[in-house]
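Asks: The following comprises the amino acid sequence and a computationally predicted model.
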Amino acid sequence: MKRRPQILAYSATFIALIAAGSWLSIPFFPVPLTLQTLFVLLSGIVMRRHAVLPVTLYILLGAMNLPVFHNGTAGLGVLLGPTGGYLIGFIPAALVVGLAYERRQARYRIPGLIAATVTILAAGAAWLAYSAALSPFQAVLIGFVPFVVGDLVKAAAAYTIGKRVA
């Protein structure tokens, strides 16, 4: 993944996929369940360390009021609200997966997907604690624990899809 046109094409594709995944949303408290994380993980699988580019651009597009966040929301208010930490957590998560997928062995890739999932959830819970004035324990209980199983299923799906496309 060194050619600029390929990076550009994949970046546009993954920005679109992450945005589309945000529309596939199940209302949940405090943040909705979406397929964004699946596409963030897949971007790391396909683009390796370059996955930081589309994920960062996705966040910037949403911050500039383009309706790409969950259910067509947009703006800095979303990033400063309870979902902001999860969205910002996408960036280091894409890097973690990308670096893990620069290795061929599953012993790096599977832990990389798990670490990326934990990164997103930890960033989300940390920001939730701050933005909603919750204790760390409350934030983990509300913003981390309920999402673990679903996000691990998405990581397993990304791994399975990644074996076919990467």
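Replies: Okay, I see it. The shown structure was predicted, so the numbers you read here are calculated from the model rather than taken from an experiment. Numbering: from 1, shown residues only.

Asks: From the chain's centroid, how far away is stretch 139-147?
Replies: Mean C-alpha position of stretch 139-147 versus that of the full chain (Cα atoms, centre = their mean, to the nearest Å) differs by 16 Å.

Asks: can you give me the end-to-end distance of that stretch?
Replies: Across stretch 139-147, the terminal residues are separated by 12 Å (Cα to Cα, to the nearest Å).

Asks: For residue 42, see how far away residue 162 is.
Replies: 7 Å (Cβ to Cβ, to the nearest Å). For every residue, glycine as well, the C-beta is placed using N, CA and C.

Asks: neighbour count winner among the two?
Replies: Ranked by neighbour count (other Cβ atoms under 10 Å), residue 162 and residue 42 place residue 42 first, with 26 against 18.

Asks: In which helix or strand does the closest residue in space to the more buried one that isn't next to it in sequence reside?
Replies: Spatially, and ignoring its direct neighbours in sequence, residue 42 is nearest to residue 158 (5.2 Å; Cβ to Cβ, 6 or more residues apart in numbering). Using DSSP states H and E, the element containing residue 158 is helix 145-165.

Asks: so how many other residues sit close to the residue found closest to residue 84 once you drop the neighbours it is linked to in the chain?
Replies: Residue nearest to residue 84 in three dimensions, not counting chain neighbours: residue 127, with 5.3 Å by Cβ to Cβ, 6+ apart. By other Cβ under 10 Å, 23 other residues sit near residue 127.
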